[in-house]
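J.: A predicted structure for the sequence below; I have some questions about it.
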Amino acid sequence: MTATAAATSAREALRGLVRHPLRSGLALLGLVVGVSSVVGSLALLVASHRFAIAAVAQRSRLDVVTVESPVDILRDGRLLSVPKPVSFTADDAERLRLEVAGVRDVMPYSEDSLKVQREGIAFDVRVYGVGAAAPAFLPMETGAGRFFTPEEAETATRVAVLTRALAEDLFTVPAAAVGREVRVSGQRFYVVGVVEVPKEPFSGDDRRGCYVPYRAKEERLQRSLHNSQLLVRAASLDLVPEVREGLVRRLSRLRPGVSAANFIVGTLEDEIRAANVEAGIRGLTLGGVAVLALLVAGGGILNTLLVGVKQRTREIGTRRALGATRGAIRTQFLLEALLLAIPGAALGVGAGTLLARSLGALFASGLFDPTLLRVVVGAPEALAGVLSAVVVAVGAGVVPAWRAASVEPAEALRYE
């Protein structure tokens, strides 16, 4: 096709759309809705998946394997009672550290809701029994003072590390808590540090908690028969599956008369996998809605162009009689579809961005910290919107273009 013929086809395509603004506008509106559905759905899916992964990662490090012996274990859809739940000791942690390949460190861990108070101010908070290496296992950063030492952990010294929120509640200024005393379940503990920990992922609340040596909690406060765990840190992220398998084999010999079936060995990979499955389900749901909207948009463009072919049959015949080829006629109607796709893509990406941000703000308003859910329309989402607009519009234009090109000049000139 020559440049002149191409220019003529483009001019005729634009004139065909402008001649019927209402019909063209409705087809364009359908395309905008379809593209905005694609862009908005993708942005919301990416944001929700990012939020779910961040919520999982806030619980512990990704290279940590958790071993616990609960009262009940859910297996094959049934809740089974554990006959001999195990309360772990520091000796258990040391044996596993030495005997399981790929292990960097092991830390006993327990938690209970206990009263922490200073003078007349008291709060029921989570009190965690941990080792001196807790900052390497759990997401936390030292804000003031220090964490307790291995010697303090070994000798069950009554020292405590408060979260910033709890220190602020008890002492107003978090740093002022260092060097002071608090009562944990009625016993005096010396505060040696304050740590910053992630907020609650779904509520956005500051976490109020108190960390004490594991032995001090088990021997001086409250022994956690059913809440103790072992946190096993792999030497590298790649070794996590190997460490998990090694733990399953070794746990069968940890206690006389206690089998590996009494334990649950889990990693964050399981929760991340579950988050990915949920993201896939949401993707299918939202993707189905977006595809349906695009099909409706394609149907609108198809109808618009088919009606245009029927109304312009005589015009098409005239062009054919004056020398226009079938290819030129096909190009004209494909260009009409493309001329709808370009503004449809631009307006659809803009509308999808507004839709995603509005819905993201609505969902985030249910969180105490709205910044935890960030919805961003980036280049991949915008590109998906543009491609969907072009594919749908041009795809819908194929049949009308083919039908227009098949019009015979002699018959068209007799058409009224």
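T.: All right, it came through fine.
J.: how close does the closest residue to Ser406 other than its chain neighbours sit to Ala134?
T.: Once flanking residues are discounted, Ser406 sits nearest to Arg326: 7.6 Å by CB to CB, 6 or more residues apart in numbering. Using the backbone N, CA and C atoms, a C-beta is placed for each residue, glycine as well. Distance of Arg326 to Ala134, computed by CB to CB, to the nearest Å: 76 Å.
J.: So for those two, which residue has more residues nearby?
T.: Each of Arg326 and Ala134 has its neighbours counted (other CB atoms under 10 Å); Ala134 has more, 22 against 14.
J.: Now do the buried residues in the helix or strand harbouring Pro241.
T.: Pro241 belongs to helix 240-251 when assigned by DSSP states H and E. Neighbour-count burial for helix 240-251, with 16 or more other CB atoms under 10 Å as criterion, is recorded at Val240, Glu242, Val243, Arg244, Gly246, Leu247, Arg250, Leu251.
J.: okay, those in JSON lines with pLDDT next?
T.: Below are those laid out as JSON lines (pLDDT from 0 to 100):
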{"residue": "Val240", "pLDDT": "86"}
{"residue": "Glu242", "pLDDT": "90"}
{"residue": "Val243", "pLDDT": "89"}
{"residue": "Arg244", "pLDDT": "88"}
{"residue": "Gly246", "pLDDT": "89"}
{"residue": "Leu247", "pLDDT": "89"}
{"residue": "Arg250", "pLDDT": "87"}
{"residue": "Leu251", "pLDDT": "84"}
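J.: just those now: which is nearest Leu339?
T.: Of all those, Val240 has the smallest distance to Leu339: 54.1 Å, by CB to CB.
J.: Look up how far Val103 lies from the residue nearest to the closest one when sequence neighbours are not counted.
T.: Using CB to CB, 6+ apart and skipping the chain neighbours, the partner closest in space to Val240 is Ala234 (4.8 Å). Remark: distance between Ala234 and Val103 (CB to CB) = 7 Å.
J.: what do you get for Gly145?
T.: For Gly145 relative to Val103 (CB to CB), the value is 30 Å.
J.: before we move on, the earlier item: who's more crowded, Ala234 and Val103?
T.: Ala234 (24 against 21).
J.: Pretty sure the residue nearest to Ser406 sits against Trp402.
T.: No. Counting by CB atoms under 8 Å, Arg326 stays clear of Trp402, with 9.2 Å between them.
J.: Tell me what angle the strand or helix carrying Leu294 forms with helix 240-251.
T.: In the assignment (DSSP H and E), Leu294 maps to helix 268-311. The directions of helix 268-311 and helix 240-251 differ by 140 degrees, with axes from the mean of the first three to the mean of the last three CA atoms, to 10 degrees as the criterion.
J.: packing partners for helix 268-311?
T.: helix 21-57, helix 326-364, helix 379-405 (3 or more CB pairs under 8 Å, 6 or more residues apart in numbering; DSSP states H and E).
J.: Same list, those, but as JSON lines with mean pLDDT and distance to Gly179 please.
T.: Output for the helices and strands packed on helix 268-311, formatted as JSON lines (pLDDT from 0 to 100; distance: least, CB to CB, whole Å):
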{"stretch": "helix 21-57", "mean pLDDT": "78", "distance to Gly179": "33"}
{"stretch": "helix 326-364", "mean pLDDT": "81", "distance to Gly179": "39"}
{"stretch": "helix 379-405", "mean pLDDT": "83", "distance to Gly179": "52"}
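J.: Out of the ones you listed, flag the one nearest Ser110.
T.: helix 21-57 (21.2 Å).
J.: Give me the buried positions along the closest one.
T.: 23-24, 27-28, 30-53, 55-57.
J.: following that helix, which helix or strand comes up?
T.: strand 64-68.
J.: Run me through the strand neighbours of that next one, direction for each.
T.: strand 229-234 (antiparallel), strand 264-267 (antiparallel) (DSSP bridges).
J.: And that strand, how far out from the chain middle?
T.: For strand 64-68, the gap between its own C-alpha mean and the chain's C-alpha mean amounts to 23 Å (CA atoms, centre = their mean, to the nearest Å).
J.: Any chance you could list what contacts it?
T.: Here strand 64-68 makes contact (CB atoms under 8 Å, 6 or more residues apart in numbering) with 60, 88, 96, 137, 228-234, 240, 243-244, 247, 251, 263-268.
J.: sorry, back to before: residues shared between the contacts of Ala234 and Val103?
T.: Val243.
J.: doesn't Leu247 make contact with Ala101?
T.: No. Here Ala101 lies out of contact with Leu247, judged by CB under 8 Å, at a distance of 10.4 Å.
J.: what residue lies at the spatial centre of the protein?
T.: The residue lying closest to the centre of the chain (CA atoms, centre = their mean) is His49, at 1.3 Å.
J.: I'd like to know which of the helices and strands packed on helix 268-311 lies nearest to Val277.
T.: Per CB to CB, nearest to Val277 of these: helix 21-57, 10.5 Å.
J.: Which secondary structure state is assigned to Tyr128?
T.: Secondary structure for Tyr128, judged by DSSP: H, G, I helix; E, B strand; the rest coil, is strand.
J.: Tell me how many other residues crowd it.
T.: Counted with other CB under 10 Å, Tyr128 comes out at 19.
J.: for Ala324, same thing?
T.: That count, for Ala324 with other CB under 10 Å as the rule, works out to 21.
J.: Give me the spatial nearest neighbour of Ala160, chain neighbours excluded.
T.: Phe189 is the one closest to Ala160 (CB to CB, 6+ apart), at 4.0 Å.
J.: burial count for Leu322?
T.: 8.
J.: That one and Lys310, how far apart?
T.: 21 Å.
J.: Ramachandran angles for Cys212?
T.: In this structure residue 212 is Val, not Cys. phi -130, psi 160 (degrees, to the nearest 10).
J.: helices or strands up against the helix or strand harbouring Asp169?
T.: Using DSSP H and E, Asp169 falls within helix 164-171. When contacts are defined as 3+ CB pairs under 8 Å, 6+ apart, helix 164-171 sits against strand 103-118, strand 121-130, strand 187-196.
J.: and the last one, what other elements does it pack with?
T.: Think strand 187-196. Short answer (3+ CB pairs under 8 Å, 6+ apart): strand 187-196 packs on strand 141-145, strand 159-163, helix 164-171, strand 181-184, strand 209-213.
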